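Novice: below: sequence and its predicted model.
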Amino acid sequence: MYSVKEAFYTLQGEGARTGRASVFCRFTGCNLWSGREADRGNSLCRFCDTDFVGTDGQNGGRFRDASALADHLAALWPHATDRVVPYAVFTGGEPLLQLDEALIQAMHDRGFEVAVETNGTVAIPAGIDWLCVSPKGASRLVVESGDELKLVYPQPDAPPERFSHLDFRYFYLQPMDLAPLSGAGDTMAETVAYCLRVPQWQLSLQTHKIVGID
Ligand SMILES: C[S@@+](CC[C@H](N)C(=O)[O-])C[C@H]1O[C@@H](n2cnc3c(N)ncnc32)[C@H](O)[C@@H]1O
Ligand SMILES: Nc1nc2[nH]cc(C(=O)O)c2c(=O)[nH]1
Ligand code: SF4
Ligand SMILES: [Mg+2]
């Protein structure tokens, strides 16, 4: 059984695949925060910008098995795509609490490439085509290789220097959106300054927020 908060067709907004048409599957639940505002300050991840509680979002629900969820997601992809490989991004919440080899295989069977956005604290199943790891504060990182490491910046307890030796093709800093914290500060300027100082790190903007799409 899989629990999905929401699923939607949009453009990948972040990282190296920014701008690519994608079916997003947002799983319910996370191991670093309950999703309740009252718990935010005592959690391992405190700046989350996402509602991943329940199954009540658009195209959300509970799905009995991999083929039921894969059919549901594949139906969100538009039809005429002769020259493009369909792309599915699994996120959450923490997708690796639910994404398994059966679901990855079911997406491959339907012609999709499979991408994952993870906090890096859960072991990865086989078959993922694009892996984005986004380390969080003091949490213990178990995934130390992948395609892109996308660090939300700044996190005093997770400085970029701690991750720069890991086995990734791309290293991104993404300015922390302070809106969920109703905080003040210019994370954009700080992030740009770091990328200029240390060119290993590239700037990732949350472009979906800029253009106003999901
Ligand atoms: C909501 S998370 C879900 C996937 C997974 N749990 C993770 O943390 O990578 C999706 C992406 O949004 C990023 N993110 C979450 N809150 C953010 C914020 N306030 N500002 C910028 N990026 C944020 C995460 O770091 C992650 O790269
Ligand atoms: N458009 C869009 N791109 C995204 N890239 C990562 C997202 C996420 O929440 O995991 C996200 C999201 O929520 N929307
Ligand atoms: S690990 Fe990801 S989903 Fe979980 S609270 Fe942090 S940003 Fe949100
Ligand atoms: Mg998001």
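Specialist: Thanks, I have the structure now. Residues are numbered from 1 along each chain as shown. Ligands and ions are numbered 1, 2, ... in the order given.

Novice: CA only for contacts and neighbour counts going forward, please
Specialist: Will do.

Novice: wouldn't residue 195 be in contact with residue 203 here?
Specialist: Yes: applying CA atoms under 8 Å as the test, residue 195 and residue 203 come out as touching, 6.6 Å apart.

Novice: now for those two: what residues contact both?
Specialist: Shared contacts of residue 195 and residue 203 (CA atoms under 8 Å, 6 or more residues apart in numbering): residue 173.

Novice: and the two? Which one has more around it.
Specialist: residue 203 (21 against 15; other CA atoms under 10 Å).

Novice: so that one sits right up against residue 187, yeah?
Specialist: No: if you go by CA under 8 Å, residue 203 and residue 187 don't touch, sitting 11.8 Å apart.

Novice: which positions in the chain make contact with ligand 3?
Specialist: 30, 32, 33, 45, 48, 50, 92, 93, 94, 119 (CA under 6 Å from any ligand atom).

Novice: which of those count as buried?
Specialist: Among the residues of the chain next to ligand 3, the ones that count as buried by 16 or more other CA atoms under 10 Å are 30, 32, 33, 45, 48, 92, 93, 94, 119.

Novice: what is the most widely separated pair among the residues you listed?
Specialist: 45 and 92 (13.3 Å; CA to CA).

Novice: so in the protein, which helix runs the longest?
Specialist: Longest helix in the chain by number of residues (criterion: DSSP state H): helix 187-197.

Novice: near ligand 1, anything from it?
Specialist: No: residues of helix 187-197 contacting ligand 1 under CA under 6 Å from any ligand atom: none, with a closest distance of 9.5 Å.

Novice: the helix or strand just after that helix pairs with which strands?
Specialist: Note on helix 187-197: by DSSP states H and E, the next helix or strand toward the C-terminus is strand 202-203. Here strand 202-203 is paired, per DSSP bridges, with strand 167-175 (parallel).

Novice: the strand it pairs with: how far from the chain's middle?
Specialist: Here strand 167-175 is found 13 Å from its chain centre; the criterion is CA atoms, centre = their mean, to the nearest Å.

Novice: tally of neighbours for the closest residue to residue 195 other than its chain neighbours?
Specialist: Counting by CA to CA, 6 or more residues apart in numbering, residue 195 lies nearest to residue 201, which is 5.3 Å off, once chain neighbours are set aside. For residue 201, the count of nearby residues is 22 (other CA under 10 Å).

Novice: next: the one 3 residues further on.
Specialist: Counted by other CA under 10 Å, the residues lying close to residue 204 total 21.
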